[in-house]
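Colleague: model the following, please.
(one chain, ligands or ions: 1)
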Amino acid sequence: MSRYVKVKTFLLLSFFALSPVYAQKTLVFTREEKVKSYMEEFVSQGFKESQAKIYTAIQQCLRLIPEEAYKKITDRTFPVIFTEMPHFGGGRWANSSGVYVMPNDPPTFTKGIWIVKLNTQLNETQDVEEIEGIIFHELAHRVLDHVAGAFDIDKEKQANRLVKKWGFERQFLKAKSSFGTHGKRMASASPLLTLNKRSSIIKNL
Ligand SMILES: [Zn+2]
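Modeller: Alright, predicted model coming up:
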């Protein structure tokens, strides 16, 4: 290799090493990549196997939610965990979910855990956006730091306002028409569900 070629090669390599574009390509993950990795860690894989619509709805919410909210809900020191609440079978009486931290994982759960429990019957809905409306509502509670407690209509309204502010009014309205207090699915719910209406996750929309 001639001296000229060597110098040229060196300059070319230096350019790429210093280029911010190159650095970005190696260090920054796209939202799509982050969502995929997050879901493998913090979303029950049972959804993937048995409730594909619920799994897709979670994925869509994580893809679309504004960046600031995304960072908060996926902060692994206080992450949102998505797990299923079985509607039929023995699991509806009692079930467990496990989330494992691996030896090389960064600090996880050091500030807490926020668990979003989704009834598996949601999977029977025709339109995935109905489920997305419900999930956005629950994520809004997390972003607003609403601690669990007695039903609070003001907190419900705040969560709904935030979902609309994020730009998801369409999903919100679909969830409301199906699962709101006077929604079509609430009207045809089983007696057990009707009894539990006061604790409905999307009451008083
Ligand atoms: Zn709520």
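Colleague: how about the strands in the protein?
Modeller: Taking DSSP state E as the test, the strands found in the chain are 80-85, 114-119.
Colleague: which of these is buried the deepest?
Modeller: Ranked by mean neighbour count under mean count of other Cβ atoms under 10 Å, the strands of the chain are led by strand 80-85, which reaches a mean of 20. C-betas here are computed from N, CA, C, even on glycine.
Colleague: OK, contacts around the closest residue to residue 155 other than its chain neighbours?
Modeller: Excluding the flanking residues, the one nearest residue 155 by Cβ to Cβ, 6 or more residues apart in numbering is residue 146, at 4.9 Å. Counting by Cβ atoms under 8 Å, 6 or more residues apart in numbering, residue 146 touches 152, 155, 158, 159.
Colleague: now do residue 69
Modeller: 139, 143, 166.
Colleague: residue 144 and residue 160: what is the separation?
Modeller: Separation of residue 144 from residue 160 (Cβ to Cβ, to the nearest Å): 11 Å.
Colleague: more neighbours: these two, which one.
Modeller: Neighbour totals were compared for residue 144 and residue 160, and residue 160 leads with 22 against 13 (other Cβ atoms under 10 Å).
Colleague: that one reaches residue 172, doesn't it?
Modeller: Yes - between residue 160 and residue 172 there is a contact at 6.5 Å, judged by Cβ atoms under 8 Å.
Colleague: ok, now how distant is the closest residue to residue 55 other than its chain neighbours from residue 160?
Modeller: Closest residue to residue 55 apart from its sequence neighbours, by Cβ to Cβ, 6+ apart: residue 47 at 4.0 Å. Taking Cβ to Cβ as the measure, residue 47 falls 24 Å from residue 160.
Colleague: one more: residue 66?
Modeller: Distance from residue 66 to residue 160, by Cβ to Cβ: 16 Å.
Colleague: can you check residue 64 too?
Modeller: 17 Å.
Colleague: can you check residue 122 too?
Modeller: Distance, residue 122 to residue 160, using Cβ to Cβ: 18 Å.
Colleague: same deal with residue 123?
Modeller: 23 Å.
Colleague: pLDDT weak spots in this protein?
Modeller: 1-26, 185-205 (pLDDT under 70).
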